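Asks: Need coordinates for the following:
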Amino acid sequence: MIFIMLFFLIPLIMIWLNAFNLPWYQSEFVKLNVYGNFEPSRVLYQTQNLFGYLDSQNDLQETYYTEREIAHLADIKNILLAVKIITAAILAVLILTWFLVWRTREYERVIKIIFWSSAAGFIGYLLAGAFLFFFFERFFILFHQVLFRNDFWLLDPAKESLIMIFPPQLFADLGGRILIGSLIVSGIMFIVSGLYLLRRKN
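Replies: Predicted coordinates for the structure are as follows:
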């Protein structure tokens, strides 16, 4: 159980660390020439308003969007809420597990689980990164087909600002950033837990 939870918890945390990272998005807007379509001030305000809406902090400024975009953003908000609940649940279970470990003093057993789960995670994230690099377009379509029970995600880049400000390439870069962060965290966990086990063995 801990093995599976740790495997999913690391990228979930990376998602929350990066999903609303405005400075990073601003660098992406420059890289992808988003400012060629809209004034920077409008992009900044629209992005801040959107992030606040998706994080349940404010209402959506609907004048920027078509009805399809508004419906799609409502779906995304619900998915993010579900992801937040799942992340909190996994963290709660892990904290409870650590408390039980502290009571029973079975430290080495848990460290072994961390060692093997971080090793499996590193390999899994590496394979996921390779898949995204070579088959991102296919994954992007499949991802939306699985998570959304409608076709509101099929936006028109000629008239709908959501896809012009947040093109697919931005999400490819975001996915890569999340996976790199996951690789770094799992790698550190693997090294630290491995050194601990090696020290215990000697």
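
Asks: Buried residues in the helix or strand hosting Val30, which are they?
Replies: Using DSSP states H and E, Val30 falls within helix 22-31. Neighbour-count burial for helix 22-31, counted by 16 or more other Cβ atoms under 10 Å, picks out 25-26, 28-29. For every residue, glycine as well, the C-beta is placed using N, CA and C.

Asks: which other helices and strands contact the longest helix seen in the chain?
Replies: The single longest helix within the chain, with elements called by DSSP state H, is helix 107-147. Applying 3 or more Cβ pairs under 8 Å, 6 or more residues apart in numbering; DSSP states H and E, one finds that helix 107-147 contacts helix 2-18, helix 67-104, helix 168-201.

Asks: which residues are contacting the worst-scoring helix or strand of the chain on mean pLDDT?
Replies: Lowest on mean pLDDT, DSSP states H and E among the helices and strands of the chain sits helix 2-18, with a mean of 86. Applying Cβ atoms under 8 Å, 6 or more residues apart in numbering, the contact partners of helix 2-18 are 24, 83-84, 86-87, 90-91, 93-94, 97, 110, 113-114, 116-118, 120-121, 124-125, 174, 177-179, 181-182, 185-186.

Asks: ok, and the closest non-adjacent residue to Arg109?
Replies: Excluding the flanking residues, the one nearest Arg109 by Cβ to Cβ, 6 or more residues apart in numbering is Val101, at 7.8 Å.

Asks: Which pLDDT does the model give Asp173?
Replies: At Asp173, the pLDDT value in this model is 94.

Asks: Now, of the contacts of helix 2-18, which are buried?
Replies: For the contacts of helix 2-18, buried by 16+ other Cβ under 10 Å: 87, 90, 110, 113-114, 117-118, 120-121, 124-125, 174, 177-179, 181-182, 185-186.

Asks: picking that back up, by how many degrees do the helix holding Val30 and helix 2-18 diverge?
Replies: In terms of direction (axes from the mean of the first three to the mean of the last three Cα atoms, to 10 degrees), helix 22-31 departs from helix 2-18 by 70 degrees.

Asks: mean confidence for helix 22-31?
Replies: Per-residue scores along helix 22-31 average to 96.

Asks: and it, what does it pack onto?
Replies: Against helix 22-31 (3+ Cβ pairs under 8 Å, 6+ apart) you get helix 40-54, helix 168-201.
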